[in-house]
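>>> Predicted model and sequence follow; I will ask about them next.
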Amino acid sequence: MRSAVGCLLELVETVVLTVVIFLVIQTLVAQPYKVEQHSMETTLLPDQYVLVDKLTPRFNEYGRGDVIVFEPPPQYRSDGTPFIKRVIGLPGERVDIHDGGVYVDDVRLDEPYVPDGDPTEASGSTASWVIPAGDLFVLGDNRESSSDSRVFGPIQREWVIGRAWLRYWPLDTFGVLAHPTYPSLTSRASSFSGSRSVPAAVASTPLRLAA
């Protein structure tokens, strides 16, 4: 029979291995996040949980329509809460907001995820942006309650934590997040291309998401 010490050592090894595997998965593969604000309604509601994919963006870059989680610009990082928004503009494109809509290189986007077809308005004096190499232009689906690129401009690729792809809680909302198509832009670039580096691993525990 194995000694009590041997059994204890085996138990400790199992626990340590389990913790290591858990941390590796959360750091490099996927991580849960809790939505706390209203900026992505009705796609995502407060108190829902999403699983954020950190792995595939390493070889399949972010594209228009992706819902991403990212570290906000430095001036918005006082409480350490990540933001969640939708990718709208890609490097080299020009994004304009006027007449209640969003235009990419003069083509108006069809955005069925915006609640009730609410108009999109610029948040300040700027209503036109050219997206630099390595950056992304992001907007919340709930345009009236979102602090996004209309306020702080395009975000840097290295700030991005991952792509939200699965809503898993509450159970009655379980499902993969639908990815929109943009037929008017099918002949244009549909995914990110930039020179900024892939972000280092971030926190390994569930985080809350801000507006």
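Noted; the coordinates are in hand. Residues are numbered from 1 along each chain as shown.
>>> after the one helix or strand F137 maps to comes which helix or strand?
Assigned by DSSP states H and E, F137 belongs to strand 135-139. Next in sequence after strand 135-139, counting helices and strands by DSSP H and E, comes helix 149-152.
>>> For that next one, buried residues please.
S149, R150, F152 (16 or more other C-beta atoms under 10 Å). Heads up, the C-betas are built off the backbone N, CA and C, glycines and all.
>>> Give me the contact list for that helix.
72-73, 75-76, 85, 88-89, 95, 97, 122-124, 126, 129, 137-139, 155 (C-beta atoms under 8 Å, 6 or more residues apart in numbering).
>>> Buried only: go through these for me.
72-73, 85, 88-89, 95, 97, 123, 129, 137-139, 155.
>>> Could I get the residues you listed in TSV, plus columns for pLDDT?
Putting these into TSV (pLDDT from 0 to 100) gives the following:
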residue	pLDDT
P72	89
P73	89
K85	96
I88	97
G89	96
V95	97
I97	96
S123	85
W129	96
F137	97
V138	97
L139	97
I155	96
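>>> Can you say which two of the residues you listed are spatially most distant?
Using C-beta to C-beta, the buried ones among the contacts of helix 149-152 reach their maximum pairwise distance at P72 and I97, which is 20.0 Å.
>>> Roughly how far does the spatially most central residue of the chain sit from H98?
Residue closest to the mean C-alpha point of the chain, counted by C-alpha atoms, centre = their mean, is I68 at 1.1 Å. For I68, the distance to H98 equals 25 Å [C-beta to C-beta, to the nearest Å].
>>> returning to what we had before: assign a three-state SS to the residue nearest to the centre of the chain, would you?
What DSSP: H, G, I helix; E, B strand; the rest coil gives for I68 is strand.
>>> I'd say it and I84 touch.
Yes: here I68 lies in contact with I84, judged by C-beta atoms under 8 Å, at a distance of 7.2 Å.
>>> Which strand residues bridge F137?
Counting by DSSP bridges, F137 forms beta bridges with G89.
>>> S39 - how many residues pack around it?
S39 has 26 neighbouring residues, counting by other C-beta atoms under 10 Å.
>>> now it: how far from D105?
S39 is 25 Å from D105, by C-beta to C-beta.
>>> For W129, which non-adjacent residue is closest in space?
Leaving out its chain neighbours, the residue that sits closest to W129 by C-beta to C-beta, 6 or more residues apart in numbering is V95, at 5.0 Å.
>>> returning to what we had before: alpha carbons of the strand holding F137, as PDB, please.
The C-alpha trace of strand 135-139 is given here as PDB (Å, rounded to 0.1, in the frame of the first residue of the first chain):
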ATOM      1  CA  ASP A 135      -4.900  50.200 -35.600                       C
ATOM      2  CA  LEU A 136      -8.600  49.300 -35.600                       C
ATOM      3  CA  PHE A 137     -11.700  51.600 -35.400                       C
ATOM      4  CA  VAL A 138     -14.300  50.200 -33.000                       C
ATOM      5  CA  LEU A 139     -17.800  51.100 -32.100                       C
END
